[in-house]
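K.L.:
what follows is a predicted structure for the sequence shown.
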Amino acid sequence: MSAAQDQADVAKVLGGDLAAFEGIVKRWQGPLVNLAYRFGRDRGRAEEMAQEALLRAYRRLDRWRGEAAFSTWLFALATNLYCSELRRIPARTVALDQVAEPREPRRTDAAFEEAERESLVRNAVLALPAKYRETVILFYFHDMDIAAAAQSLGLPEGTVKARLFRGREILRSKLAGRLAAPLERKEA
């Protein structure tokens, strides 16, 4: 996705060519739906939240100052919207104690085991308290670095690092013995 395309489309929209917003929608609708889905695990709700994020972005295009990439601004706007929406109407979560064990731990099918592991981790992440869940989702599932996650959440980088650490500790304690490989990723 091209930062130059985003910048050009924003300039066109602000200059009166409202149809130029279509390029922004085409580039960013999928990633925004994916981000929303990772927060709530409900495809229909994710699509609605992404649509609302794009609508808000359209209405606030004049507030993008160009100091950061358009995508960073857009994802910060979307993340704030998603967090507010999920606080207003929480996503259905499962208590960590109720996260299911893998069905057949003796099965040797690697793809099945990987899918089971991924499902177990995602369900455990969804059961985290919101402040840890939001940070973990952005960092691990949306591949944002510390700086981008901090900007999206409107938090200092140190707070994001602390929340990642605490979120990992909670996951590690709740998933101990259920996962073979440790839950780690190098922080940038």
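P.N.:
The structure has been received and is ready for your questions. Keep in mind the model is a prediction, meaning the values are calculated, not measured.
K.L.:
for the lowest-mean-pLDDT helix or strand in the chain, output the C-alpha coordinates as PDB.
P.N.:
Within the chain, no helix or strand scores below helix 110-126, which has a mean of 75 by mean pLDDT, DSSP states H and E. C-alpha atoms of helix 110-126 as PDB (Å, rounded to 0.1, in the frame of the first residue of the first chain):
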ATOM      1  CA  ALA A 110       0.700 -30.900  12.300                       C
ATOM      2  CA  ALA A 111      -1.900 -28.700  10.600                       C
ATOM      3  CA  PHE A 112      -4.600 -29.800  13.100                       C
ATOM      4  CA  GLU A 113      -2.300 -29.200  16.000                       C
ATOM      5  CA  GLU A 114      -1.300 -25.700  14.800                       C
ATOM      6  CA  ALA A 115      -5.000 -24.800  14.300                       C
ATOM      7  CA  GLU A 116      -5.900 -26.000  17.800                       C
ATOM      8  CA  ARG A 117      -2.900 -24.100  19.300                       C
ATOM      9  CA  GLU A 118      -3.900 -20.900  17.400                       C
ATOM     10  CA  SER A 119      -7.500 -21.200  18.500                       C
ATOM     11  CA  LEU A 120      -6.400 -21.800  22.100                       C
ATOM     12  CA  VAL A 121      -4.200 -18.700  22.100                       C
ATOM     13  CA  ARG A 122      -6.700 -16.500  20.400                       C
ATOM     14  CA  ASN A 123      -9.400 -17.500  22.800                       C
ATOM     15  CA  ALA A 124      -7.000 -16.800  25.700                       C
ATOM     16  CA  VAL A 125      -6.200 -13.400  24.300                       C
ATOM     17  CA  LEU A 126      -9.800 -12.500  24.000                       C
END
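K.L.:
buried stuff in it?
P.N.:
Residues of helix 110-126 classed as buried: 116, 117, 120, 121, 123, 124, 125, 126 (neighbour count, 16 or more other CB atoms under 10 Å). In this view, the C-beta of every residue, glycine as well, is placed from N, C-alpha and C.
K.L.:
tell me what that helix is packed against?
P.N.:
When contacts are defined as 3 or more CB pairs under 8 Å, 6 or more residues apart in numbering; DSSP states H and E, helix 110-126 sits against helix 130-136, helix 157-175.
K.L.:
thinking again about what came up before, nearest to residue 154, of the buried residues of helix 110-126?
P.N.:
The nearest member of the buried residues of helix 110-126 to residue 154, counting by CB to CB, is residue 125 at 20.8 Å.
K.L.:
quick one: contacts of whatever helix or strand residue 56 lives in?
P.N.:
With elements taken from DSSP states H and E, the one containing residue 56 is helix 43-59. Contact partners of helix 43-59, identified using CB atoms under 8 Å, 6 or more residues apart in numbering, comprise 13, 21, 24-25, 28-29, 32-37, 39-40, 74, 77-78, 81-82, 85, 91.
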